[in-house]
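In: build me a structure from this.
(2 chains, ligands or ions: 4)
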Amino acid sequence: MVEIELDGKQMEVAEGATIMDAANQAGIYIPHFCYHRKLTIAANCRMCLVEVEKAPKPLPACATPVMKGMKVYTHSEQAVTAQKGVMEFLLINHPLDCPICDEGGECQLQDLAVGYGASGSRYEETKRVVTDKNLGPLISTDMTRCIYCTRCVRFGQEIAGVMELGMIGRGEHAEIITFVGKTVDSELSGNVIDLCPVGALTSKPFRFTARTWELTRKPAVSPHCGLGSNLTVQVKQNRVMRVLPRENEAINECWLSDKDRFSYEGLNSEQRLARPMLKRGGAWAEVEWQVALDYVARELKRIREQHGASSIGALATPHQTLEELFLLGKLARGFASGSADFRLRQSDFSADRHRTGAPWLGMKIADLNALERVLVVGSTLRKDHPLITHRLRQAARRNMQLNLINPSPGASRRASPQERTRPYSSATWRSTTRPLPSCTSWAWWWPS
Amino acid sequence: MGLPVPPFATDLFGPEAIIMKGLDGLNWRLKDYEARGGYQALKKILAEKIPPDQIIAEVKKSALRGRGGAGFPTGLKWSFMPRQYQGTKYLVCNSDEGEPGTFKDRDLLRYNPHSVIEGMIIAAYATGAQVGYNYVHGEIWDVYERCEEALAETRAAGFLGSRILGSDFSFELHNHHGWGAYICGEETGLLESLEGKKGMPRFKPPFPASYGLYGRPTTINNTETFAAVPWIILNGGDAFLNMGRPNNGGTKIFSVSGDVARPGNFEVRLGTPFARLLEMAGGMRGGRRLKACIPGGSSMPVLPADVMMKTDMDYDSIAKAGSMLGSGAVIIMDETRCMVRSLLRLSYFYFEESCGQCTPCREGTGWLYRMVDRIEHGKGRLEDLELLDNVSDNIAGRTICALGDAAALPVKSFIKHFRDEFVHHIEHKKCLVPDYV
Ligand SMILES: Cc1cc2nc3c(=O)[nH]c(=O)nc-3n(C[C@H](O)[C@H](O)[C@H](O)COP(=O)(O)O)c2cc1C
Ligand code: SF4
Ligand code: SF4
Ligand code: FES
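Out: Numbers count the residues shown, from 1 in each chain, chains lettered A, B, ... in the order given. Ligands and ions are numbered 1, 2, ... in the order given. Next comes the predicted model:
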């Protein structure tokens, strides 16, 4: 631990921590744009400049490691002058038309401009205009608004594992672009919308449909994969307008896969079965919920009376939450045979005899980051579980050994170099014969 | 090869040259270099098995300071290299010379490439580097080719490779041809470029000595810094120090350009009066009067004639006079030069060369350029002068690399020393200086 003084208060921080870490620990806010706790440090926006005693000039809090006895002032005159100076630079070429920007109301630049911006601009020269880019069907661009924090670029390199965005050009001619003629297609691409601190990258489906302050927020859990990412569902006039990640370090961290983020659109689809139907005389007819439920209850009771409780079992999708599955199990035990299962696509149950308890991952999701070796059986990892893949990718960056058995061909071809290990061979098999900690449960867990 | 043949037969680096003595433009080959005492220093080190620490101590004693711009003590920099590091350590020569007004490294590599190669081999020995790169500016093809030829000679002579001259010291050296970006001269921008990435400076710390090329410990020095090393080893640190002044050891090559009769590179002892240097460069062209001088390359503050004429050419004296010695590019401007137009040219350079990574430099350089452009074209306002000064303050010292400062310092100094001209431009919408030459 290192002892430092932050805004006049003594505190202890871990060795190797930055001033920003120390400030986070102390609950002191230092303005920033390029810094993001899940990404590497770029130190390019310069918004986080703070005064450090004995340093001849203000230093970026996000990149400056603490040193013993360091005295830091985050809101001193020197610090605030530097921060205001940077804010002025950020605004000179930024369009000052928040009312027509989709990010308005939830924009980091707008928020910080309230505290650090001037009421008028001293810049009277022509402003820069940057052409918009086609990033595909999910992400909309307004590149003149970009402040070049490179969060989106680093996200691709470090989290999504595919470098789909990059910065070309120099100085004022710099631009964020995709690889020539390509769109952004990674399974995690929507996260750059959250990461972008301004209105340069926004959600195409949501764009201009609502303001953030019009939305009510409901916590939810993702129904799209077994991971159960935590969601915030944002609703306006009883209609789901968009879905954002709800931070949960144990599960999805601050990320969301594209299917979790964008499939709310299906809720409003015309093809969606929104009301219960009963088949009467060979034809489907819409009925009230109460009618449908009465019908189901009556029929179930009748079956139990005529054929016994053992004739009724329950099947449920594993994409349900644990709580919902628990309730279904309870129902099955109380009313039916007690048989409940979620293995909808499995045909071979012969291993059941050798196993007790429910098949599960065998470890906490967050512990995946720390694995030394992983054997994946028959999964298109990136498509099936983008966020599990991200955790394995982080592990692979630290030399975790990953082997795939029978992945679908497309999966390994598109995998990042770290993921793309040798295809299954007897040699790799032998190299992994030391029992993997959770091998069996993995096999159960990955859908084929 | 179509290299320019210099107008004078001997002493391309001026009559007072010591390290670059006796160069006539043709005697650059290995045999000529050896005839001038070349590779003696290396042979001596290897034969006498002089310990690396002793070499570093000698360089420290010589008070050799980096010739690339920052003037950092070279011996001290070498001593930052971790001794016990397991794995490859690198040595890099910064020949990316892109600073306007600077043209010494180019000529040094053209006419005396082996001095740099020998200096690098000695530096590698002292810092424990196994692999070295000489990063040559992208727009000078002939120089790159010459470096390749010289390196081939060195290899053939057995001064490079494994177990050099039968010792247990091994070192491999390569030339790398850049693409001509000024920002790739900044040491960490150069390392990124060498790694095959876009030349964007890294945030420091960590410094190259702990996290350099490919993340390995790396020492990076300017071409001229390396060229001085063999001389120091042969003649001793004290002899080098005594050629200059305390804390300003040795000789330095100054690239004198602008309104002088005989522009060129001149190697002189540090501490030589500016007037003497001007005289060597043939004095003012056409007998005109000196108006201003940028003593250390375009990034450094400009100084007016009277201050300059009283200044000696060494790091500390120039700093005292209010500028910096920088890369040693002495840009001379006579009375016919318009200072607004001169600043406009400089501001345009930094605006174009900013890598665009950090906010103050990316946004500020364009702002400065556009304001100076307005003033030059008769659309300035008096308030612009305060604004220019203030915007410069908001850039300097707030950026990842020193290009931000390099863009800000000229603006501040031009306005400080030549405010009248700026005011005249604003009030009369035309230049104070009658006509251009
Ligand atoms: C924008 C910028 C451009 C630079 N260009 C060069 C250059 O062309 N050549 C050079 O030797 N140093 C250049 N430098 C200085 C280097 O960063 C570094 O300080 C130098 O190479 C160290 O060598 P030295 O200690 O021998 O001077 C530049 C610095 C900056 C900030
Ligand atoms: S698009 Fe957004 S996230 Fe990407 S660099 Fe620009 S401002 Fe940053
Ligand atoms: S100061 Fe300018 S050139 Fe240097 S890193 Fe920042 S933007 Fe790039
Ligand atoms: S947050 Fe520190 S420089 Fe951007």
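In: in the stretch 51-200 of chain B, what residue is nearest ligand 3?
Out: B:Ile183 (5.0 Å; C-beta to the nearest ligand atom). C-beta here means a position set from N, CA and C on the backbone, and glycine is covered the same way.
In: state the distance from that residue to B:Gly98.
Out: 8 Å (C-beta to C-beta, to the nearest Å).
In: just B:Tyr135 next, same as before
Out: Applying C-beta to C-beta to B:Tyr135 and B:Gly98 gives a distance of 11 Å.
In: now do the shared contacts for the two.
Out: Taking C-beta atoms under 8 Å, 6 or more residues apart in numbering or on different chains as the contact rule, B:Tyr135 and B:Gly98 both touch B:Cys184.
In: quick one: which of the two has more around it?
Out: More crowded of B:Tyr135 and B:Gly98, by other C-beta atoms under 10 Å in any protein chain shown: B:Tyr135, with 24 against 20.
In: do I have it right that the more buried one meets B:Glu192?
Out: No - using C-beta atoms under 8 Å, B:Tyr135 makes no contact with B:Glu192, being 11.3 Å away.
In: can you pull out the helices in the stretch 201-350 of chain A?
Out: All helices of the stretch 201-350 of chain A, identified by DSSP state H, counting those that start in this stretch, fall at A:258-262, A:289-307, A:322-335.
In: the longest helix in chain B is where?
Out: Determined from DSSP state H, the single longest helix within chain B is helix B:359-376.
In: tell me if it is near ligand 2.
Out: No - Helix B:359-376 stays clear of ligand 2 (C-beta under 6 Å from any ligand atom), getting no nearer than 11.2 Å.
In: quick one, what contacts A:Val235?
Out: For A:Val235, the contacting residues are A:215-218, A:241, by C-beta under 8 Å, 6+ apart.
In: between B:Ile183 and B:Gly98, which contacts overlap?
Out: Shared contacts of B:Ile183 and B:Gly98, counting by C-beta under 8 Å, 6+ apart, come down to B:Glu353.
In: which residues does the residue in the stretch 51-200 of chain B positioned nearest to ligand 4 contact?
Out: Of all residues in the stretch 51-200 of chain B, B:Met200 sits closest to ligand 4, at 14.0 Å by C-beta to the nearest ligand atom. B:Met200 is in contact with B:183, B:189, B:192, B:355, B:357, counting by C-beta under 8 Å, 6+ apart.
In: one more: B:Ala41?
Out: Neighbour list for B:Ala41: B:118, B:122, B:229-231, B:233-234 [criterion: C-beta under 8 Å, 6+ apart].
In: now do B:Glu148
Out: The neighbourhood of B:Glu148, defined by C-beta under 8 Å, 6+ apart, consists of B:Asn175.
In: equivalent analysis for A:Gly329, please.
Out: Going by C-beta under 8 Å, 6+ apart, A:Gly329 touches A:314, A:340.
In: try A:Trp289
Out: A:275-276.
In: any idea how far the residue of the stretch 201-350 of chain A found nearest ligand 4 is from ligand 2?
Out: Taking C-beta to the nearest ligand atom, ligand 4 has its nearest neighbour within the stretch 201-350 of chain A at A:Cys254, 16.7 Å off. Distance of A:Cys254 to ligand 2, computed by C-beta to the nearest ligand atom, to the nearest Å: 14 Å.
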